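**Q** no FASTA, just this:
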């Protein structure tokens, strides 16, 4: 069985057209094979290894080469494009249930202070961040976002909804409007209900102070667990938010791809 960070021909056929093409004669790291560099980035994502410890004998190039490529590709929104491309393939295969979406968030410890970090209310006020996610009814991540650990979940909901892109991959007009939202009690705030009302979204959110639960909550919790199987995301090592967001989008894309491959095998 191939290592999970190995990029096979089928996956590369999806990724390669999304990469920006640099003019001939551009200095290093453009001379490195982008497929090998992408495998180096995936290696860091899967293993959590530091950039400086990336094994050069594997042919990925140096850790700084891969780091620069993450920076440049994130600046060009390549990882977000990869995520959307994977969602389109999953939609074409009938794997996406867009009739309902589910919101949730999870805390991760941050090793360095910086933007989008803060004292974690669930980790003895240690520095941390929070991963926010919006999944379809089948658990595939539609949107992933980053915030400080002390940001309330409901404050990020408008941004998550704004970042839902038209769902391509099938004939007809791409769907993009959310109709039903499921969330936990952390989203039971008047401003959330007002936001959903303005967007014509039906919300299923238990009231705070009750023991009510909404069916299907385990779906989004499983999706967050899958994201945090990528060791680079289980703890936030990057000071820069753009680099960590790039890893989040890449992990979401690979999660979709693995679900698609498991379906087609």
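**A** Yes, it's here. These numbers were taken from a predicted model, which means no experiment stands behind them. Numbers count the residues shown, from 1 in each chain.
**Q** show me where this protein has strands.
**A** Here the chain has its strands, by DSSP state E, at 101-110, 118-119, 127-136, 141-148, 180-182, 202-204, 235-236.
**Q** neighbouring strands - and their directions - for the first one?
**A** The pairing partners recorded for strand 101-110 under DSSP bridges are strand 127-136 (antiparallel), strand 180-182 (parallel), strand 235-236 (parallel).
**Q** got the domain boundaries for this structure?
**A** 9-75, 97-232 (automatic domain parsing).
**Q** can you give me the end-to-end span of stretch 232-252?
**A** 13 Å (C-alpha to C-alpha, to the nearest Å).
**Q** same check, this time on stretch 167-182
**A** Termini of stretch 167-182 sit 19 Å apart (C-alpha to C-alpha).
**Q** next, the buried residues of it.
**A** 167, 169, 175, 178, 181-182 (16 or more other C-beta atoms under 10 Å). (Glycine included, C-beta is placed from N, CA and C.)
**Q** now residue 92: how far from residue 174?
**A** Residue 92 sits at a distance of 12 Å from residue 174 (criterion: C-beta to C-beta, to the nearest Å).
**Q** same list (the domains of the chain) but as a markdown table, adding distance to residue 254 and mean pLDDT.
**A** Formatted as a markdown table, the domains of the chain follow (distance: least, C-beta to C-beta, whole Å; pLDDT from 0 to 100):
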| stretch | distance to residue 254 | mean pLDDT |
| --- | --- | --- |
| domain 9-75 | 7 | 87 |
| domain 97-232 | 8 | 91 |
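**Q** closest to residue 83 out of the ones you listed?
**A** domain 97-232 (7.7 Å; C-beta to C-beta).
**Q** gap between the closest one and the chain center?
**A** 11 Å (C-alpha atoms, centre = their mean, to the nearest Å).
**Q** what's the end-to-end length of that domain?
**A** End-to-end distance (C-alpha to C-alpha), domain 97-232: 28 Å.
**Q** got it, and stretch 86-98?
**A** Stretch 86-98 end-to-end distance (C-alpha to C-alpha) = 15 Å.
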